[in-house]
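Visitor: Give the three-dimensional model of this entry:
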Amino acid sequence: MEMRFINTTNKVLLSTCLLLLFTLSACKKTEQSNEDIDPQNEQQNITYSFNNPNTGQEFTIIHAYLLYENYFAAVKENPDESIYELYQQEIVQPVFEACLKDAELVCFAR
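Guide: Next comes the predicted model:
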């Protein structure tokens, strides 16, 4: 009876270890760190475009949150400059370029 308990415990422990091993070996790094982002290609880095496979409609997602690091750095580097002007330059202008550059009703965006 005691021997059967040990075998069952060993099986559970071995199964748990194997499951943990398979789970951890399946993980891989997929995120891009901030150091990998080239500031010259910022426009390309803040947008993600794809087409709906059913309709063919194109969608573009703007990752505006990526622009805030540049804004905060600009505010620290230029404390005498207007934070409103820096915000326009570092955040609003790149989003405007990505979203509304070729829009028909640009006057509504201003």
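
Visitor: all strands for this structure, in order.
Guide: Here the chain has its strands, by DSSP state E, at 47-51, 58-62.

Visitor: With mean pLDDT and mean neighbour count as extra columns, can I get these in a markdown table?
Guide: All C-beta spots, glycine's among them, are computed from the backbone N, C-alpha and C. Output for these, formatted as a markdown table (pLDDT from 0 to 100; neighbours: other C-beta atoms under 10 Å):
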| stretch | mean pLDDT | mean neighbour count |
| --- | --- | --- |
| strand 47-51 | 88 | 11 |
| strand 58-62 | 86 | 11 |
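
Visitor: I'd like to know which of those is closest to residue 72.
Guide: Smallest distance to residue 72 across those (C-beta to C-beta): 18.7 Å, for strand 58-62.

Visitor: what inclination does that closest one have with respect to strand 47-51?
Guide: Orientation note: strand 58-62 sits at an angle of 160 degrees relative to strand 47-51 (axes from the mean of the first three to the mean of the last three C-alpha atoms, to 10 degrees).
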